[in-house]
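1. sequence and predicted structure below; questions after.
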Amino acid sequence: MIKIGDFAKICNTSARTLRYYDDAGVLKADFVDEASGYRFYSPNAVEKYKKLVFYKELGFSLQEIKKLLAATEEEEKKMLKKKKETLLSSVEEIQGQVQTIDGMFVENEPKENLFELLNLPFTDDPEVVGKWELCGLLRDEEDIESVVELPPRTIFQELIFLPGGAPVWTYFWTKGVLYTASGRYSSSVPNPYKTMRKNGEHYMVIQFSAEDRPGYPNDVFPVLYRQVDTIAYSEEQVRPYVDKVDYPFIEDPQVSGVWHVVDFVHDSEDFHPSRQQTPKKYLATVEITFLPRGMCVKTFRADAGGKKTNRILHYTKGLVLNRTALTAEKYVIQVFGEKEYLFVQHKSGDYSYGGYEPCWYVFERKGKPV
């Protein structure tokens with residue numbers, strides 16, 4: 001039997017990913033030690049993991065992959081044939097959209113200005129106040145049974161409609177429309193919604209814009225939410241994570257200086273210098289500088305033209321502190337070969353409001369320590 005850590009190295013993945021697949025019932029460990037909780041895998045599980053990755057790359061959901069791994073050869077052929085038909089249909093649709101774009105000779109209309117929208121009259125919709133949880137993507141927006149799983153971090157895992165349409169994180173609302181902030185919060189995208197009741201449950205279908213979500217070729221995609229409660233939350237109640245930030249300053253000469261970004265990973269174990277996890281054009285943070293007396297500066301890419309902006313923060317040994325956003329991001333230095341890499345947690349709204357585990361930016365030293 002192979003311990004989970006060793007099995008993760010063989011499969012070129014992380015132990016966290018394997019635990020997720022185990023809990024989802026897709027790739028169960030062959031043995032779990034009751035005393036320690038350690039998971040163990042048989043050598044045969046390597047081929048099963050390769051199949052899982054293969055099916056995932058073809059676009060199958062975890063539930064579909066679970067069926068495929070247990071399917072007979074004939075059942076597998078039927079599922080693959082059906083997926084092929086779906087993919088071919090998507091190709092035709094994309095080709096049609098490309099032709100439409102080729103025929104356009106005018107620029108897109110500008111987005112609605114965020115500040116103008118905030119000043120518009122508010123129309124109340126008391127029935128939507130409260131918390132809503134994500135169900136998934138609807139294949140047929142009129143049929144809630146057609147819901148399918150969405151990849152992690154595609155869209156809001158939950159939404160909270162505050163009384164008066166008050167903003168939460170990067171969204172706010174008025175009757176019939178959920179507005180989501182876009183373009184570094186200078187503009188906003190309207191996402192129409194409608195509600196329905198079925199089997200004693202209250203559902204909402206939101207037509208989200210696919211503008212900032214690669215992989216969804218249509219202009220919009222319908223997402224289903226179920227109402228969890230009708231509580232009139234306050235703004236102070238809707239943020240699940242607030243970090244302690246009043247730490248005393250402890251000098252850390254090892255981190256002093258300028259670090260340039262090289263990658264962005266979901267788990268620190270996923271990084272390797274020879275593999276780029278996130279294309280560099282999507283790396284919003286470009287540099288981080290640690291200065292004397294606990295001062296820290298993050299440099300961000302402000303637009304596609306290369307313009308940059310800085311944010312002054314603080315740090316103490318092991319933590320980058322944002323006393324405005326109330327986040328404490330861990331940092332650690334690791335060595336690969338003879339080169340040092342700095343790993344810094346990224347605690348955006350996904351963490352503070354969405355409740356997700358923070359991802360990691362990875363940096364390499366630029367120049368000499370300050």
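-> Yes, it's here.
2. quick one: secondary structure of the residue nearest to Glu141 when sequence neighbours are not counted?
-> Spatially, and ignoring its direct neighbours in sequence, Glu141 is nearest to Pro222 (4.0 Å; C-beta to C-beta, 6 or more residues apart in numbering). Heads up, the C-betas are built off the backbone N, CA and C, glycines and all. Assigned with DSSP: H, G, I helix; E, B strand; the rest coil, Pro222 falls in the strand class.
3. for Asn199, see how far away Pro222 is.
-> Distance, Pro222 to Asn199, using C-beta to C-beta, to the nearest Å: 19 Å.
4. have a look at these two and say which one is more surrounded.
-> Shown here are Pro222 and Asn199; by other C-beta atoms under 10 Å, Pro222 has more neighbours (20 against 6).
5. all strands of the stretch 51-200 of the chain, in order?
-> For the stretch 51-200 of the chain, the strands defined by DSSP state E, counting those that start in this stretch cover 112-113, 130-138, 147-148, 158-161, 171-174, 177-182, 187-198.
6. which of these sits most buried?
-> strand 158-161 (a mean of 22; mean count of other C-beta atoms under 10 Å).
7. now for Phe172: which residues touch it?
-> Counting by C-beta atoms under 8 Å, 6 or more residues apart in numbering, Phe172 makes contact with 118, 165-166, 178-179.
8. where is pLDDT lowest across the residues you listed?
-> Within the set of the contacts of Phe172, pLDDT is lowest for Leu118 (58).
9. from Asp23, how far out is the nearest residue to Leu159 once chain neighbours are set aside?
-> Leaving aside its sequence neighbours, Leu159 sits nearest to Trp132 (C-beta to C-beta, 6+ apart; 4.6 Å). Computed as C-beta to C-beta, the Trp132 to Asp23 distance reads 24 Å.
10. then stretch 295-312 to PDB, C-alphas only?
-> In PDB, the C-alpha atoms belonging to stretch 295-312 read as follows (Å, rounded to 0.1, in the frame of the first residue of the first chain):
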ATOM      1  CA  MET A 295       6.200  48.500   5.600                       C
ATOM      2  CA  CYS A 296       5.200  46.400   2.700                       C
ATOM      3  CA  VAL A 297       4.100  47.400  -0.900                       C
ATOM      4  CA  LYS A 298       2.100  45.300  -3.300                       C
ATOM      5  CA  THR A 299       2.200  46.300  -6.900                       C
ATOM      6  CA  PHE A 300      -0.800  45.400  -9.100                       C
ATOM      7  CA  ARG A 301      -1.400  45.400 -12.900                       C
ATOM      8  CA  ALA A 302      -4.100  48.100 -13.300                       C
ATOM      9  CA  ASP A 303      -5.000  47.500 -16.900                       C
ATOM     10  CA  ALA A 304      -4.000  45.600 -20.100                       C
ATOM     11  CA  GLY A 305      -1.800  48.500 -21.200                       C
ATOM     12  CA  GLY A 306       0.700  47.700 -18.500                       C
ATOM     13  CA  LYS A 307      -0.200  50.500 -16.100                       C
ATOM     14  CA  LYS A 308       0.500  49.600 -12.500                       C
ATOM     15  CA  THR A 309      -0.800  50.700  -9.100                       C
ATOM     16  CA  ASN A 310       0.600  50.300  -5.600                       C
ATOM     17  CA  ARG A 311      -1.000  49.400  -2.200                       C
ATOM     18  CA  ILE A 312       0.900  50.200   1.000                       C
END
